[in-house]
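Asker: Just the structure for this:
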Amino acid sequence: MIFAVLVMILAANLFVFVAKPARLGPYYAGLLVSLTVSALVPMEYFLGMERTAQIAGASILAFVPILFASVIFAVSFSRVAEADRAFGANIAGAMFGGLAEYSSMLLGFRYLLFVAVGLYLCSLIGMRFTETRKHRNTENPFG
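Answerer: Residues are numbered from 1 along each chain as shown. Have a look, this model is predicted:
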């Protein structure tokens with residue numbers, strides 16, 4: 001499983017290196033949709049299927065959100081002026097995510113994905129707020 005996560009992160013970084021996405025909106029949309037689908041479709045859904053379909057379906061359900069999140073992280077990290085502060089914020093976010101994981105004892109693991117949706121929505125709002133502020137603070141050299 002760890003190998004598959006690392007492969008998704010590598011694939012996302014290679015994609016960002018080659019494609020250089022300018023807008024993150026489509027990746028946030030893909031992330032939020034894939035997390036919601038993962039929360040709504042139980043893994044038991046794949047039981048009884050042909051083995052190849054079972055593995056492919058469960059893998060897509062589990063790893064597509066990682067791909068989208070990795071693209072968002074890679075692009076966002078490449079845009080920061082102070083990488084050390086951004087990395088520190090990422091570590092703090094990972095610690096908060098670990099603490100939030102304990103809510104799975106109350107909600108159940110499937111519904112923990114809705115907590116992730118909420119946190120990524122907060123991330124999207126924060127990114128939009130930061131971009132809007134940055135846009136207001138820079139002058140347009142073309143008039």
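
Asker: tell me which residues in the strand or helix carrying L35 are buried?
Answerer: L35 is part of helix 25-40 when elements are defined by DSSP states H and E. By neighbour count on 16 or more other CB atoms under 10 Å, the buried set for helix 25-40 is Y27, Y28, G30, L31, L32, S34, L35, S38, A39. C-betas here are computed from N, CA, C, even on glycine.

Asker: same question, stretch 106-115
Answerer: Quick answer for stretch 106-115 (16+ other CB under 10 Å): L112, L113, V115.

Asker: out of those, who's nearest V75?
Answerer: For the buried residues of stretch 106-115, the closest approach to V75 (CB to CB) belongs to L113, at 22.5 Å.

Asker: Pull up the per-residue confidence for that closest one.
Answerer: Among the per-residue scores, L113 holds a pLDDT of 86.

Asker: residue contacts, it?
Answerer: For L113, the contacting residues are L35, T36, S38, A39, by CB atoms under 8 Å, 6 or more residues apart in numbering.

Asker: If we use 7 Å, what do you get?
Answerer: Each residue near L113 by CB atoms under 7 Å, 6 or more residues apart in numbering is listed here: L35, S38, A39.
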